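Participant: the amino acid sequence is not available; the structure is as follows:
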């Protein structure tokens with residue numbers, strides 16, 4: 001089984017995986033910064049965790065997925081790539097996951113409306129020189145649009161993503177850089193005391 005099959009499956013079943021440009025950017029960042037411990041919020045079918053683990057056999061990933069079908073698919077995919085020793089996956093709501101360990105890198109790619117809460121909950125699991133990467137901040141270009149968005153749900157979601165962007169810009173503990181690649185990425189680093 002190759003990555004193309006995973007990409008095809010995601011497309012076929014409408015499972016959101018990171019856009020090619022975005023994942024290439026993230027993988028390059030992980031390589032360049034010698035990141036070895038990663039916490040991922042939102043596994044989906046395991047695609048990005050697998051891509052990250054394949055970079056380096058020393059990379060260890062903890063990932064969480066609350067949807068049981070996606071979780072089962074992710075477990076299957078991780079096994080197919082023989083990455084069980086590198087990837088630990090939990091099936092629960094991220095808010096019920098309490099971890100003691102600290103990570104070099106936290107990747108937030110789950111329920112967009114909860115990004116601020118994810119950030120606040122898991123920042124304590126970040127090493128001092130660590131990075132939090134958030135995906136989908138352009139939300140298919142909708143966070144920049146001035147036109148009226150028809151769907152009330154989409155409008156609310158876009159407002160929450162914009163609130164998160166504002167939260168990152170004004171955060172006193174972190175310095176965030178925004179990148180217009182993929183579907184919009186933010187890289188947040190702890191301010192050094």
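Facilitator: Sure, I can see it. All values reported here derive from a predicted model rather than from experimental measurement.
Participant: quick check, distance from the lowest-mean-pLDDT helix or strand in the chain to the centre of its chain.
Facilitator: Sorted by mean pLDDT, DSSP states H and E, the helices and strands of the chain end with helix 152-170, the least confident at a mean of 82. Chain-centre distance of helix 152-170: 17 Å, with CA atoms, centre = their mean, to the nearest Å.
Participant: report the buried residues of it.
Facilitator: Across helix 152-170, burial judged by 16 or more other CB atoms under 10 Å covers 157-158, 160-161, 164-165, 168. Using the backbone N, CA and C atoms, a C-beta is placed for each residue, glycine as well.
Participant: how about those in TSV, adding distance to residue 82?
Facilitator: Putting the buried residues of helix 152-170 into TSV (distance: CB to CB, whole Å) gives the following:
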residue	distance to residue 82
157	37
158	40
160	38
161	36
164	36
165	38
168	37
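Participant: quick check, nearest of those residues to residue 29?
Facilitator: The closest of the buried residues of helix 152-170 to residue 29 turns out to be residue 168 (CB to CB; 16.6 Å).
Participant: can you tell me the SS state at the closest residue to that closest one other than its chain neighbours?
Facilitator: Distances taken as CB to CB, 6 or more residues apart in numbering place residue 176 nearest to residue 168, at 4.2 Å, with adjacent residues excluded. At residue 176, secondary structure determined by DSSP: H, G, I helix; E, B strand; the rest coil is strand.
Participant: report the contact partners of the residue lying closest to residue 45 once chain neighbours are set aside.
Facilitator: Counting by CB to CB, 6+ apart, residue 45 lies nearest to residue 73, which is 4.4 Å off, once chain neighbours are set aside. The neighbours of residue 73, taking CB atoms under 8 Å, 6 or more residues apart in numbering as the test, are 9, 45-46.
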